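K.L.:
Next comes the sequence, and after it the predicted model I'd like to discuss.
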2 protein chains.
Amino acid sequence: MEAAVRVIAQHGVRGLRVEQLAAEAGVSTALIYYHFKDRGGVLRAALEHVNQRAQDYTDQALSTTEEPRAQLENLLLLELRDETEVAMNSIAWGELRASAVFDPDLRDPLTATTRAWNDDVETLLARAGATAPALAAEHLTALVEGLSERWHTGSITLDRARAVLTHAIARELGD
Amino acid sequence: MEAAVRVIAQHGVRGLRVEQLAAEAGVSTALIYYHFKDRGGVLRAALEHVNQRAQDYTDQALSTTEEPRAQLENLLLLELRDETEVAMNSIAWGELRASAVFDPDLRDPLTATTRAWNDDVETLLARAGATAPALAAEHLTALVEGLSERWHTGSITLDRARAVLTHAIARELGD
DNA sequence: GTCTATACAGAGATAGAC
DNA sequence: GTCTATCTCTGTATAGAC
């Protein structure tokens, strides 16, 4: 799965070749098919893996003793970071999201993860005193996805994306 | 190009087969290669076509005599509409955006269009009395992209996406 | 569980006629 | 400009041995 995330982050879902994945993982292609039904099965498993990793990050951010406002900023800015692992996860996640437009099998896990993320953000927003936490949560999480994609396509710098997000959070919290 | 947009909207950039495009356009595959260098050339031309269409919509929205605030809402909500043609354009645009992560040839036209859109939105925001129009413009346009993708993956309904966007606009204009 | 070898299909691209 | 026919390569997936 880690090899899959690497390959997807480098070449996209469309560019994922089973042979290359095998090479990246240091095994034969046949072994891939032993563990997964087909190429689509690899993608589904990869999506679940990325989701899981995102959830782990989230839980970590939520388990601190910081103020709600600081927790909220941390949680949302998690995706917009410079470290290789985060960036790869983010690219792979964006790819799988985009693929889900045409691959119904990917939709359910995607929707579930999105909902869980929204809920976490909504809780923090409510604690931080937002007036419309549900709307605000969908607003901010969708914004993170939009900014993330712009970052990956080079349409915006990472710093600028973080500034835009911080600005939007401030607007939601009324300052 | 219209056939290309249809095929991309239905099967994605990833699913665009030259043969299918030819069928959709009612010509032979050889003719595609006569007019375009290769499959990548088709994609680049399709992106330009979608960009142009988006620019036309934008100009139209800007040429009305409405209040800046109403113009702003119209312009941003343009992408989130139910009509087949708009939805197809929006899906194709999203696909091409996602593809640009791995296809450097698509990046320049993408960045140019994004910038033009940002500028238009920024102008309207300034007229409508926003306090930080540049930041707000990038905020709102990136949000539209995020919401648009969620809509296409079925993670949010169209009405809800529109509500979230309207909410975000209101926040930026301080009510 | 894991490999090597290979069958098979699909899709990009071109040749050459009209 | 446009077609039919076809070549070629790449990539998915399987067979069968260890």
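P.N.:
The structure has been received and is ready for your questions.
K.L.:
residues in contact with the closest residue to residue A:15 other than its chain neighbours?
P.N.:
Among residues not flanking residue A:15 along the chain, residue B:102 sits closest, at 6.3 Å (Cβ to Cβ, 6 or more residues apart in numbering or on different chains). Every C-beta, even on glycine, is put in place using the N, C-alpha and C of the backbone. Applying Cβ atoms under 8 Å, 6 or more residues apart in numbering or on different chains to residue B:102 gives the contacts A:11, A:12, A:14, A:15.
K.L.:
tell me which of those is nearest to DNA strand D?
P.N.:
Ranked by distance to DNA strand D (Cβ to the nearest atom of the strand), the contacts of residue B:102 are led by residue A:15 at 7.8 Å.
K.L.:
Please report the number of neighbouring residues for that closest one.
P.N.:
14 (other Cβ atoms under 10 Å in any protein chain shown).
K.L.:
repeat for residue A:29
P.N.:
Based on other Cβ under 10 Å, the number of other residues close to residue A:29 is 14.
K.L.:
Name the nearest residue to it, ignoring sequence neighbours.
P.N.:
Among residues not flanking residue A:29 along the chain, residue A:22 sits closest, at 4.5 Å (Cβ to Cβ, 6+ apart).
K.L.:
how close does the one you found get to residue A:33?
P.N.:
Computed as Cβ to Cβ, to the nearest Å, the residue A:22 to residue A:33 distance reads 10 Å.
K.L.:
Which one of these two is surrounded by more residues?
P.N.:
Neighbours per residue, other Cβ under 10 Å: of residue A:22 and residue A:33, the larger number sits with residue A:22, 18 against 15.
K.L.:
tell me which element the nearest residue to residue A:78 once chain neighbours are set aside falls in.
P.N.:
Excluding its sequence neighbours, the residue lying closest to residue A:78 (Cβ to Cβ, 6+ apart) is residue A:57, at 5.3 Å. Per DSSP states H and E, residue A:57 falls inside helix A:39-62.
K.L.:
List the contacts of the helix or strand just after that helix.
P.N.:
Heading C-terminal from helix A:39-62, the first helix or strand you meet, by DSSP H and E, is helix A:68-77. The contact list for helix A:68-77 (Cβ under 8 Å, 6+ apart) reads A:58, A:61-62, A:64, A:66, A:120-121, A:124-125, A:127-128, A:140-141, A:144, A:162, A:165-166, A:169, A:173.
K.L.:
let's see it at 6 Å
P.N.:
Identification of contacts with helix A:68-77 by Cβ atoms under 6 Å, 6 or more residues apart in numbering or on different chains yields A:61, A:124, A:127, A:128, A:140, A:144.
K.L.:
The fifth one: what's it in contact with?
P.N.:
Pointing back at residue A:140 there. Counted by Cβ under 6 Å, 6+ apart, residue A:140 has contacts residue A:76.
K.L.:
Would the one helix or strand residue A:31 maps to count as contacting DNA strand C?
P.N.:
For residue A:31, the host element (DSSP H and E) is helix A:29-35. Yes - Helix A:29-35 is in contact with DNA strand C by Cβ under 7 Å from any atom of the strand, via A:29, A:30, A:31, A:34, A:35.
K.L.:
Up against DNA strand C, what does chain A have?
P.N.:
Counting by Cβ under 7 Å from any atom of the strand, chain A sits next to DNA strand C at A:26, A:27, A:28, A:29, A:30, A:31, A:34, A:35.
K.L.:
and DNA strand D, which of the residues you listed reach it?
P.N.:
Counting by Cβ under 7 Å from any atom of the strand, the members of these near DNA strand D are A:29, A:30.
K.L.:
Could you export the residues of chain A next to DNA strand C as JSON lines, including pLDDT?
P.N.:
As requested, the residues of chain A next to DNA strand C are exported to JSON lines (pLDDT from 0 to 100):
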{"residue": "A:26", "pLDDT": "97"}
{"residue": "A:27", "pLDDT": "97"}
{"residue": "A:28", "pLDDT": "97"}
{"residue": "A:29", "pLDDT": "97"}
{"residue": "A:30", "pLDDT": "97"}
{"residue": "A:31", "pLDDT": "98"}
{"residue": "A:34", "pLDDT": "98"}
{"residue": "A:35", "pLDDT": "97"}
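K.L.:
I'd like the residues of chain A next to DNA strand C as TSV, with distance to residue A:4 appended.
P.N.:
Formatted as TSV, those follow (distance: Cβ to Cβ, whole Å):
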residue	distance to residue A:4
A:26	13
A:27	12
A:28	15
A:29	13
A:30	16
A:31	13
A:34	15
A:35	11
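K.L.:
wait, which of the residues of chain A next to DNA strand C is closest to DNA strand D?
P.N.:
Nearest member of the residues of chain A next to DNA strand C to DNA strand D, counting by Cβ to the nearest atom of the strand, is residue A:30, at 3.8 Å.
K.L.:
Which pLDDT value goes with residue A:117?
P.N.:
Residue A:117 is assigned a predicted lDDT (pLDDT) of 96.
K.L.:
likewise residue A:61?
P.N.:
Residue A:61 carries a pLDDT value of 89.
K.L.:
Would you quantify the distance from the residue of chain A positioned farthest from its centre to residue B:54?
P.N.:
Each residue of chain A has a distance to the centre, and by Cα atoms, centre = their mean the biggest one is for residue A:30: 29.8 Å. Counting by Cβ to Cβ, the gap from residue A:30 to residue B:54 is 46 Å.
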